[in-house]
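Trainee: Below are the sequence and a predicted model for it; my questions follow.
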Amino acid sequence: MKKRCALLCLLVILILAFAPAAMGTMVRELMLPLSFGTVTGTYTGEMKDDLPHGYGIFIAEGWYYAGMFEAGHFCGEGLLVREDGGEESGVYDNDVLNGYGTISKDGKVLQEGIFLAGVYMDTTTGPEEPAANMTTAVAAASPSYANSAQPEPEGLSGGVIFFLILLMVGGTAAAVFGLTRMSRLLAREEAAASRQAAAAPKPQPRKINLNTASEQELIALPGVSEITAKRAIVTRAQRAFASVQDFNQRLGLTPHCAAQIEKQAFAEPAAPQKIELNTATEQALSSLPGVSAAMAERAIRMRRQRAFVSAQDFSQRLGILPYYTQRIEKLIYFKPSAPQQTVPLPLQDFPTRVPHVSPQGPPTQPSAPRPAQQMINLNTATEQELDTLPGIGVVLAKRAIEMRAQSPFASVQDFNQRLGLVLVPHFAVQIEKLAFAEPAAPQPQPQSPWASTGRVVDI
């Protein structure tokens with residue numbers, strides 16, 4: 001409201017300051033050098049370079065002209081009225097009719113047609129002198145015509161100009177009020193749109209899980225570089241992040257970055273991926289709790305002979321403690337498949353009992369056959385065969401070979417006791433079902449050279 005009042009006051013001041021000056025410039029006393037002589041009179045209208053130019057009214061003594069001017073001369077459509085009642089109207093050029101025009105007096109048309117340089121052109125008789133010459137009209141004009149017959153030009157032109165200025169002020173004020181009202185309506189619509197936008201629920205940014213996020217997602221967090229992201233992946237592989245604070249603390253992030261990360265991330269333990277026990281790779285099996293790389297390799301060889309049917313079967317055949325069995329049971333599954341035929345292992349994995357070889361004759365057959373289940377002899381088994389036993393890894397297999405080189409194992413209990421497996425009865429009981437201990441067959445001694453030469457005599 002204050003802005004509108006200030007604008008209206010400014011418009012009123014401009015009107016009061018420039019209206020008199022404008023009216024003064026529109027009404028002037030001029031001396032026009034016309035083609036038929038220099039004439040003094042009063043001019044009201046448009047000007048250019050202090051000469052009438054455009055539409056205007058020139059009042060002289062005994063006559064007046066209303067029409068178009070160009071550089072101080074009559075040029076264009078115009079009307080010339082004399083005191084004696086004569087009138088000329090038409091197209092003027094250089095102060096005289098030049099083109100279509102009409103000459104009349106007291107309302108009676110005397111000549112009408114084409115004029116050329118002020119001379120009426122009759123198409124039948126040729127050029128004809130005009131009924132009244134301009135010079136004669138000027139000389140015969142009454143001196144009082146301009147004052148008596150014509151209205152006061154100053155008052156008329158000043159009122160018209162003032163009316164136009166008032167009209168301009170009114171239009172400007174209406175435009176200002178209209179624009180103000182339109183701006184008020186637009187402001188209301190914008191305010192309503194802002195309230196609707198504020199009331200609408202804002203979409204929450206998606207938070208990432210620090211324990212499952214990719215390297216690129218971690219790099220997008222504040223203060224986390226490419227190296228820090230890779231270190232975070234290695235760190236969580238060893239132990240998952242318990243919380244966002246644990247993430248910031250283990251990676252050594254600044255408090256400013258830590259506060260921003262708490263708004264963009266969370267930490268939940270990743271769901272463990274279960275593995276199929278009879279098709280998993282050696283690396284996947286070694287990731288199970290309590291299963292080493294050697295045990296994973298042995299499990300692959302065992303399942304070729306007979307597939308695992310449960311977590312207890314897996315743990316029992318590999319000699320895994322019950323504590324780990326409960327954890328393994330949550331991480332494995334079994335695919336339903338057709339029953340598999342048992343594939344016997346190669347002889348080098350589970351060798352049969354070696355028959356005794358006599359140096360004097362052919363090898364003797366064992367008195368009683370071994371059980372159908374193939375068992376290994378602890379005194380003749382290779383390192384790979386010993387590694388397949390529950391609780392026996394590569395290190396214990398090598399140690400067993402070194403021990404039996406010094407003295408053979410007398411029994412399975414002797415094998416367990418010398419390797420320290422008595423401390424783990426679970427392994428010892430299973431080994432007794434898979435192995436036996438018999439002394440190795442003596443190597444044949446070379447025969448004496450005397451045996452083939454003749455009879456030996458006791459001297």
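Mentor: Here it is on my side, so go on. Numbering: from 1, shown residues only.
Trainee: shaky segments in the stretch 151-300 of the chain?
Mentor: For the stretch 151-300 of the chain, the stretches with pLDDT under 70 are 151-160, 177-178, 200-205, 270-272.
Trainee: which residues of it fall in helices?
Mentor: 153-199, 215-219, 226-238, 244-251, 255-264, 282-286, 293-305 (DSSP state H, counting those that start in this stretch).
Trainee: who's in contact with the fifth one?
Mentor: Helix 255-264 is contacted by residues 205, 207-208, 221-224, 244-245, 247-248, 253 when judged by C-beta atoms under 8 Å, 6 or more residues apart in numbering. Every residue, glycine included, has its C-beta placed from N, CA and C.
Trainee: now do stretch 431-441
Mentor: 353-357, 375-381, 389-392, 408-416, 421.
Trainee: Where does the prediction get shaky in the stretch 1-150 of the chain?
Mentor: Answering for the stretch 1-150 of the chain: the residues below the bar, that is pLDDT under 70, span 1-26, 122-150.
Trainee: Which stretches in it count as helices?
Mentor: 2-26, 134-140, 145-148.
Trainee: buried stuff in the lengthiest strand in the chain?
Mentor: The single longest strand within the chain, with elements called by DSSP state E, is strand 37-48. Residues of strand 37-48 classed as buried: 39, 41-45, 47 (neighbour count, 16 or more other C-beta atoms under 10 Å).
Trainee: For it, what is the distance to the chain centroid?
Mentor: 73 Å (C-alpha atoms, centre = their mean, to the nearest Å).
Trainee: quick one: strands adjacent to it?
Mentor: For strand 37-48, the pairing partners within the sheet under DSSP bridges are strand 27-34 (antiparallel), strand 51-60 (antiparallel).
Trainee: tell me which residues in the last one are buried?
Mentor: Okay, so that is strand 51-60. 52-53, 56-60.
Trainee: What is the burial count for the closest residue to Met68 other than its chain neighbours?
Mentor: Closest residue to Met68 apart from its sequence neighbours, by C-beta to C-beta, 6 or more residues apart in numbering: Gly76 at 2.9 Å. Using other C-beta atoms under 10 Å, Gly76 is surrounded by 15 other residues.
Trainee: what does the one 5 residues further on give?
Mentor: Counted with other C-beta under 10 Å, residues neighbouring Val81 total 17.
Trainee: Equivalent analysis for Ala191, please.
Mentor: By other C-beta under 10 Å, neighbour count at Ala191 equals 10.
Trainee: so what are the domain limits for the protein?
Mentor: With domains defined by automatic domain parsing, the chain comprises 2-160, 208-266, 275-333, 376-436.
Trainee: Reformat those domains into CSV and put distance to Ala173 next to each item.
Mentor: Output for the domains of the chain, formatted as CSV (distance: least, C-beta to C-beta, whole Å):
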stretch, distance to Ala173
domain 2-160, 6
domain 208-266, 55
domain 275-333, 85
domain 376-436, 103
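Trainee: between these, which gets nearest to Ala191?
Mentor: domain 2-160 (19.3 Å; C-beta to C-beta).
Trainee: from memory Phe266 sits against Arg206, does it?
Mentor: No. With contact defined as C-beta atoms under 8 Å, Phe266 does not count as touching Arg206 (10.8 Å).
Trainee: of those two, who's got more company?
Mentor: For Phe266 and Arg206, the more surrounded residue by other C-beta under 10 Å is Phe266, and the numbers stand at 15 against 6.
Trainee: Bridge partners for the more buried one, pull those for me.
Mentor: Counting by DSSP bridges, the residues bridging with Phe266 are Asn209.
Trainee: Tell me which of the domains of the chain sits nearest to Arg184.
Mentor: domain 2-160 (11.5 Å).
Trainee: I figured the residue nearest to Met68 hits Val91, correct?
Mentor: Yes. Under the criterion of C-beta under 8 Å, Gly76 makes contact with Val91 at 6.9 Å.
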